[in-house]
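**Student:** Quick one, what's the 3D model for this:
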Amino acid sequence: MDEIRYVILGGGVTAGYAARKFVEAGGQSDELCILCAEDRLPYDRPPLSKDILKGERDVEATAINERNFYSDNGIEVLLDCVVTGVDLEERTLTTSTGDTIGFEKLLIATGTKPRRLDIPGSDRDGLLYLRSAADAGRIVTAARRGDKAVVLGGSFIGTEVGASLTERGVDVTLISRSEHLLQGMPLTPKMAGYFERYFERRGVNLVLGDEARSLQDGGSALEVTLASGATHEADFIVAGVGVSPATELFSASELETGDGILVNEYLETRVDGVYAAGDIARYWDSLFETTRRIEHWDNAKSGGEHCALALLGERRPYLRVPYFFSDVFDLSWEFWGDHSTADQVVYRGAVEDGSFSVWWLNGSTVVGAFVMNRPNDERELAQELIRSGRTVSAEDLEAASALPTE
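**Tutor:** Coordinates of the predicted model:
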């Protein structure tokens, strides 16, 4: 049995940035091992739905660290390493090849897996999903062979994939069961209306408030039949209908695995020396006093960095304002906070012009903020107001010429 002091289970964003922070913080050579189920070193995933699909960037350029970073710093990385068993009491992991790896401390970073369509015809070869670099490669190959696509889902993945495929010349129909794009995530109907008009001007055929009920061969292409009875043909289909946390390995363990692995405000599980971070972790958010699980690059990166320090003995709360960003066509936007408790929405700028910010308040406290094509001081203010919890009036936020100050 191999014995490693620190093990990271998972080879994604969390692992890549945890390894970098481990080295920066003085972690010793030959004490860290990363177990990657994929055949490549840890890489950033946001470019997969953007530059990679548009053909503007190569997958190899998404690597978080240079290839020699790991060997130079004595970090062992096992690729194509599928872990099939875990014993937290004995502190061992078992791989699909029968090898056993012992550890002193463990960071669980297994992330999520795409939800699969469960409708007649969902076993068709032309139905694709996007989670990994290999998935992105399959979509790019399909886009080279065919010029007509259906994208199922109007959330982050659906809108980004739809925009990227359109930019590379594919005729895209985007179908969403929601009445609006990015509904509640975090777009209000007013904001969604702007994005929907923008997508349509760029050539995307939007079908909202409908969903796929079956897939079948339609001559030389696939045919999607919707709940409304409408049909759409495509050379290939990309489904972005959500993800599920990859907790199966720990379902019989001491860990609580409902909607992700439960951790406290330190990203510690209920087993001493075992942590979880990134998409898999359902953590206690002390800023909003609630548990949450975030599926976004920023949380995976910052959680990995936090846990790298925890492996080395630094114990401090994970305090971070929830953050999301997205890029579609030439639009880039950011969102901070959690708008679920808001009782008021304030707009700055003109939504119809594409330069605006939106502020969600609970009473006189800002709980969420969206910023697109606005001055940097609004970005900075959004984070400061949410983090500090200081009060501000809606009138000050709405003022076109001034920002609220202390």
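**Student:** Helices of this structure, residue ranges please.
**Tutor:** In the chain, the helices defined using DSSP state H lie at 13-24, 51-54, 67-72, 133-145, 156-167, 189-201, 297-311, 376-388, 394-398.
**Student:** How far off centre is the second one?
**Tutor:** Translated: helix 51-54. Here helix 51-54 shows a centroid-to-chain-centroid distance of 17 Å under the convention C-alpha atoms, centre = their mean, to the nearest Å.
**Student:** Please apply the same query to the last one.
**Tutor:** Per C-alpha atoms, centre = their mean, the displacement of helix 394-398 from the mean C-alpha position of its chain is 32 Å.
**Student:** For Ile280, see how far away Glu295 is.
**Tutor:** To Ile280, Glu295 is 10 Å away according to C-beta to C-beta, to the nearest Å. Yep, even glycine has a C-beta here, placed from its N, CA and C like the rest.
**Student:** follow-up on the earlier one: tabulate the helices of the chain (TSV), appending mean neighbour count.
**Tutor:** Below are the helices of the chain laid out as TSV (neighbours: other C-beta atoms under 10 Å):
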stretch	mean neighbour count
helix 13-24	25
helix 51-54	21
helix 67-72	13
helix 133-145	16
helix 156-167	25
helix 189-201	17
helix 297-311	24
helix 376-388	16
helix 394-398	14
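**Student:** and the ones you listed as a markdown table, adding distance to Ala230 and mean pLDDT?
**Tutor:** Shown next, in a markdown table, are those (distance: least, C-beta to C-beta, whole Å; pLDDT from 0 to 100):
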| stretch | distance to Ala230 | mean pLDDT |
| --- | --- | --- |
| helix 13-24 | 38 | 98 |
| helix 51-54 | 26 | 96 |
| helix 67-72 | 48 | 96 |
| helix 133-145 | 23 | 96 |
| helix 156-167 | 18 | 97 |
| helix 189-201 | 17 | 95 |
| helix 297-311 | 35 | 98 |
| helix 376-388 | 40 | 92 |
| helix 394-398 | 41 | 87 |
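**Student:** nearest to Gly337, of those helices?
**Tutor:** Set against Gly337 and scored by C-beta to C-beta, the helices of the chain come closest in helix 376-388, at 4.5 Å.
**Student:** list the helices and strands that closest one packs on?
**Tutor:** Here helix 376-388 touches strand 331-337, strand 355-362, strand 365-372, going by 3 or more C-beta pairs under 8 Å, 6 or more residues apart in numbering; DSSP states H and E.
**Student:** Can you report phi and psi for the residue lying closest to Gly153 once chain neighbours are set aside?
**Tutor:** Nearest residue to Gly153 in three dimensions, chain neighbours excluded: Gly240, at 3.7 Å (C-beta to C-beta, 6 or more residues apart in numbering). For Gly240, the backbone dihedrals (degrees, to the nearest 10) come out as phi -120, psi 80.
**Student:** pLDDT at Gly240, what is it?
**Tutor:** pLDDT for Gly240: 95.
**Student:** For this protein, which residue occupies the most central location?
**Tutor:** His296 (3.0 Å; C-alpha atoms, centre = their mean).
**Student:** what sits against that one?
**Tutor:** Going by C-beta atoms under 8 Å, 6 or more residues apart in numbering, His296 touches 323-325.
**Student:** And those, which of them are buried?
**Tutor:** Buried by 16 or more other C-beta atoms under 10 Å: 323-324, out of those.
**Student:** Just the ones of the contacts of His296 in strands?
**Tutor:** 323-325 (DSSP state E).
**Student:** quick check, nearest of these to Arg40?
**Tutor:** Phe325 (23.9 Å).
**Student:** Residues in a beta bridge with the closest residue to that closest one other than its chain neighbours, which ones?
**Tutor:** In space, and not counting its chain neighbours, Phe325 is closest to Glu334: 4.7 Å by C-beta to C-beta, 6+ apart. Legend: beta-bridge partners of Glu334 under DSSP bridges are Phe325, Val371.
**Student:** With Gln344 instead?
**Tutor:** Residues in beta-bridge contact with Gln344 (DSSP bridges): Leu361.
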